[in-house]
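Trainee: The sequence isn't on hand, but the structure is:
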């Protein structure tokens, strides 16, 4: 059996530095951050604790001391379950897969209410040390890692190729970071909320050329809990919700780079996943009111936006610079402030994406509310968008 | 043909593991040759070399030598490098489309322009080789 699934509640921590130094006398503990969010999220859903049947966690970073974190939390929260409990891992797609698995569990009837949740703690690990781990995730350890490639290095090469092929101006690309910061200033959970100018973005110290500090994801921590339930449960609760209208997934069978030369900046997995998601929802990209894209760098937001058909191919950067993807523009992208300014606690970023869509579609987004938001798309990815997972959500008042 | 060899007076920051299967690749590189595998049934090349053909899962493969020549598809300079690479940073890495129809990522020597004609060079570190590409001098 399958049935319609709703996102009915959520709660998220502020993004940024939650983790404490190893030698701090008082430590922040993952479960002490996440458990109150579970209670808050269930309060927004207006559902009692006893209704929860399943827990799907985004796996913790290896820096989290507690192992078997999921079942530890089931005990900490005293949650007996008859649906499922698991921790999922899918590189950048981890949070999105946790949401996807929670939705599936409900759609299949294994659970009436499922939580998709997680906490990503990494801010006390230096970028150079963290990269010693992430460099082994993006390519072949024995044939790519040997050169010192980092995850964002591949996105930088996307930027170089994109500007070369389409003549996009450097400033147009940089404008994405400025736009995202303007959005983040309106988001209480955003990691960065100070104003950011185009000049500052362009003058920032280089990280992976041509991308500078403000065009690559900040390091940070974050935690989030979403409440997913059968639509009839949501209706009975009388709580506004967002319906999961469509879903698409494609993995192109390549890990970071395909040895068969292809159009690297086309993001074919995102094109395919978007087509499948739109088809299953019975909509076209022009029907969307907003999109929250998994985009660790500005260039990724541009390319993913093009792959999803939100902006024309080769025009994404120019349209961002023209304000078409900003709040108030034709198709607002990353109203949360995105990975660049909302923050990118990577293993829960996919959950933060759905959290933003739920806030927008239930009209809880405050100053950054997209007026009359009804249809929204969320994406997540892994590698160089070698895989994409896209959900379409619809507001149900 | 033998590829140009550039001596690097240090050890590789992150040396590759070598298996019984990949050993011929690294041995050939040390001797100035870039080789990979081709599926005998499919006739298709793959990179990195594999003990089967990923395109049709044929189990029989043969080693073939590559020209090492191609075009620069993209590149970046990594300033925020992993700890092991701090001594080499900033690092210029890129993607080269070989004339044989293979896309390869590697270290880039010099500052070539995109779409430049490239040739493979062997970086001979003190503990073994890495492959890299540089622009072909006109």
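Mentor: Cool, got the structure. In this text the structure is predicted, and so the values were computed from the model without any measurement. Numbering: from 1, shown residues only, chains lettered A, B, ... in the order given.
Trainee: So which residues on the stretch 101-250 of chain A come close to chain B?
Mentor: A:126-129, A:131-132, A:135, A:139-150, A:152-153, A:156-158, A:160-161, A:164, A:205-210, A:216 (Cβ under 8 Å from any Cβ of the partner chain). In short, each C-beta sits where N, CA and C put it, glycine included.
Trainee: Pull out the buried residues from those.
Mentor: Taking 16 or more other Cβ atoms under 10 Å in any protein chain shown as the criterion, what is buried in those is A:127-128, A:131-132, A:135, A:139-140, A:142-150, A:152-153, A:156-158, A:160-161, A:206-210, A:216.
Trainee: So, low pLDDT: which residues of chain A?
Mentor: Across chain A, the ranges flagged by pLDDT under 70 are A:1.
Trainee: In terms of helices and strands, where is residue B:95?
Mentor: Assessed by DSSP states H and E, residue B:95 sits inside strand B:91-98.
Trainee: name the helices or strands packed onto the very next helix or strand once past that strand?
Mentor: Of the helices and strands lying after strand B:91-98 in sequence (DSSP H and E), the nearest is strand B:103-109. Using 3 or more Cβ pairs under 8 Å, 6 or more residues apart in numbering or on different chains; DSSP states H and E, the elements in contact with strand B:103-109 are strand B:69-78, strand B:91-98, strand B:117-125, strand B:128-135.
Trainee: re the thing from before, strand partners of the strand holding residue B:95, parallel vs antiparallel please.
Mentor: Using DSSP bridges, strand B:91-98 pairs in its sheet with strand B:69-78 (antiparallel), strand B:103-109 (antiparallel).
Trainee: ok, back up a step: just checking, which of the residues of the stretch 101-250 of chain A next to chain B belong to strands?
Mentor: A:206-208 (DSSP state E).
Trainee: nearest to residue A:24, of those residues?
Mentor: Closest approach between these and residue A:24, by Cβ to Cβ: residue A:207, at 27.9 Å.
Trainee: hang on, residue B:11 packs against residue B:124?
Mentor: No: look at residue B:11 against residue B:124 with Cβ atoms under 8 Å: they stay out of range, at 11.4 Å.
Trainee: neighbour count winner among these two?
Mentor: Neighbours were counted for residue B:11 and for residue B:124 using other Cβ atoms under 10 Å in any protein chain shown; residue B:124 has more, 17 against 12.
Trainee: what sits opposite the more buried one in the beta ladder?
Mentor: residue B:7, residue B:129.
Trainee: so who does it touch?
Mentor: Residue B:124 is in contact with B:5-8, B:30, counting by Cβ atoms under 8 Å, 6 or more residues apart in numbering or on different chains.
Trainee: which of those are buried?
Mentor: residue B:8.
Trainee: Tell me, how many residues neighbour residue B:12?
Mentor: When neighbours are counted by other Cβ under 10 Å, residue B:12 registers 18.
Trainee: Now for the closest residue to it other than its chain neighbours, how many residues are close by?
Mentor: Nearest residue to residue B:12 in three dimensions, chain neighbours excluded: residue B:125, at 4.6 Å (Cβ to Cβ, 6 or more residues apart in numbering or on different chains). For residue B:125, the count of nearby residues is 17 (other Cβ under 10 Å).
Trainee: which ones are touching residue B:125?
Mentor: B:8, B:10-12.
Trainee: Okay, now the sheet partners of the helix or strand residue A:87 falls within, with direction.
Mentor: Residue A:87 is part of strand A:84-88 when elements are defined by DSSP H and E. Using DSSP bridges, strand A:84-88 pairs in its sheet with strand A:54-58 (parallel).
Trainee: Tell me the residue in chain B that is farthest from the middle.
Mentor: residue B:41 (24.6 Å; Cα atoms, centre = their mean).
Trainee: where does that one fall, helix, sheet strand or coil?
Mentor: With DSSP: H, G, I helix; E, B strand; the rest coil as the basis, residue B:41 sits in coil.
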